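K.L.:
Here's my sequence, what's the structure:
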Amino acid sequence: MSNDYKNILITGVAGFIGSNFAHYIAEKYPLYNIIGIDKLSDYSSRTNIASLEATGKIQFIKCDISDYSALDIVYQTQNLDYVVNFAAESHNDRAILDPTVFVKSNVVGAQNLLELSRQYDVKRHVHISTIEVYGEQAPDVPYFVEGSPLNAKTPYSASKAASDMMVRAYMQTYKHMDIAITHCANNYGPYQFPEKLVPLAITNVLGGKKIPIYGDGKQMRDWLHVNDHCRGLDLVLHREATAIEEESAWLPEKLPIYDFSARQEHENIEIVRIILDELGKDFDSSVEFVHDRPNHDRRYLINPGKAENELGFKPEISFEDGLRSTVRWYVDNQAWWQPILDSSENLQIDWATFKI
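P.N.:
Alright, predicted model coming up:
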């Protein structure tokens, strides 16, 4: 698909990955007209796209994707070619406290977008999901792939798995629609809200606090720099159209679903050690082991073979270089994250005393 003029809607544009993707698209496709929407919750920031707004590279509209009527107006007025849905509630800890808001945004909101993309004949619709829909990785399972069963075990991942099933249903039912789903390893990089492991660890140290480590810190995660994720999504957005084959009804790997990873699996405690090394801090005096959250996935890993073979996906940022550059970004951009911390409640929940 060509780099001609296109109207592209990016939902969740003031969040971590959505804002990085908006910057990526604005730089690589200067002819694209970017419309960004976000409900601007406590966990997103319009500051993330301020430079794009200042230069007229994006049109921002405050809109909650769970509000069908408001979303309909966006579709009516923008003549959209592409829709890329990043909008989601995305933190497991908060989902344990209040699952309802996650269902509203992640399931109802996703279906609203699908239906409006159907009604307004959007050329291509990309739904951004998460590796966590596959659930806990069994000891005898080397990795998850696009055909792995959806087996979510937390309120957050269950809401994302429900939206995946809705997207798959639209793929199978409305075969004239061009829809794709992506799953990705844990992202890290600039503009990530400081409740997630990497930015929480960095900002705690810079703020003179200890880094809380859940349980023994040996939870295994698969990591990908957000810029490499954006490159993968670019490939999905501009790939050749995928026909929905009859056998995809029982072989979901035949559907346009793509899993992205840099094949970088690391324990949480190892991530913390690299961060502390980059900041010149001692591990023992800089961390505290805290009570683990309920139902915490121990390990999950995906195989990006399909994206590599069909799309030519290849990460460009090495894990350690990417993580160290991320640390430096937070060091250099305290003016971005300090107001977030000042206006936020405690981002760390004390699970030792909390009753669910």
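
K.L.:
pLDDT weak spots in the stretch 1-150 of the chain?
P.N.:
1-3, 91-92 (pLDDT under 70).

K.L.:
what kind of secondary structure is the residue lying closest to residue 4 once chain neighbours are set aside in?
P.N.:
Distances taken as CB to CB, 6 or more residues apart in numbering put residue 31 closest to residue 4, at 6.4 Å, once the chain neighbours are dropped. Any C-beta I mention is one placed from the backbone N, CA and C, and that applies to glycine too. Classification of residue 31 by DSSP: H, G, I helix; E, B strand; the rest coil places it in coil.

K.L.:
hang on, residue 31 packs against residue 7?
P.N.:
No: the criterion here is CB atoms under 8 Å, and residue 31 misses it with residue 7 at 10.7 Å.

K.L.:
ok, those two, which is more surrounded?
P.N.:
residue 7 (17 against 9; other CB atoms under 10 Å).

K.L.:
Could you report the separation of the more buried one from residue 61?
P.N.:
13 Å (CB to CB, to the nearest Å).

K.L.:
overlap in contacts of these two?
P.N.:
When contacts are counted by CB atoms under 8 Å, 6 or more residues apart in numbering, the set common to residue 7 and residue 61 consists of residue 35.

K.L.:
residues contacting residue 101?
P.N.:
residue 89.

K.L.:
just checking, next helix/strand downstream of the helix or strand hosting it?
P.N.:
Under the criterion of DSSP states H and E, residue 101 resides in helix 99-103. Tracing the chain past helix 99-103, the next element assigned as helix or strand by DSSP H and E is helix 109-119.

K.L.:
okay, the helix or strand immediately after that following helix in the chain in PDB with CA atoms only?
P.N.:
Under the assignment DSSP H and E, the closest C-terminal helix or strand after helix 109-119 is strand 124-128. Written as PDB, here are the backbone C-alpha positions of strand 124-128 (Å, rounded to 0.1, in the frame of the first residue of the first chain):
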ATOM      1  CA  ARG A 124      -7.900  -1.100   7.200                       C
ATOM      2  CA  HIS A 125      -8.400  -1.600  11.000                       C
ATOM      3  CA  VAL A 126      -5.600  -2.700  13.300                       C
ATOM      4  CA  HIS A 127      -6.400  -3.900  16.800                       C
ATOM      5  CA  ILE A 128      -3.500  -3.700  19.300                       C
END
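
K.L.:
Check which helices and strands whatever helix or strand comes next after strand 124-128 sits against.
P.N.:
As assigned by DSSP H and E, the chain's next helix or strand after strand 124-128 is helix 155-173. Counting contacts by 3 or more CB pairs under 8 Å, 6 or more residues apart in numbering; DSSP states H and E, helix 155-173 is packed against helix 92-97, helix 99-103, helix 109-119, strand 124-128, strand 179-184.

K.L.:
got the contact list for the fourth one?
P.N.:
Residues lying outside strand 124-128 but in contact with it, judged by CB under 8 Å, 6+ apart, are 1, 17, 81-86, 88, 110, 113-114, 117, 163-164, 167, 177-182, 184, 233, 236-237.

K.L.:
Repeat the analysis, applying 7 Å as the threshold.
P.N.:
With CB atoms under 7 Å, 6 or more residues apart in numbering as the contact definition, strand 124-128 has outside contacts at 82-86, 110, 114, 117, 163, 167, 177-182, 233, 236-237.
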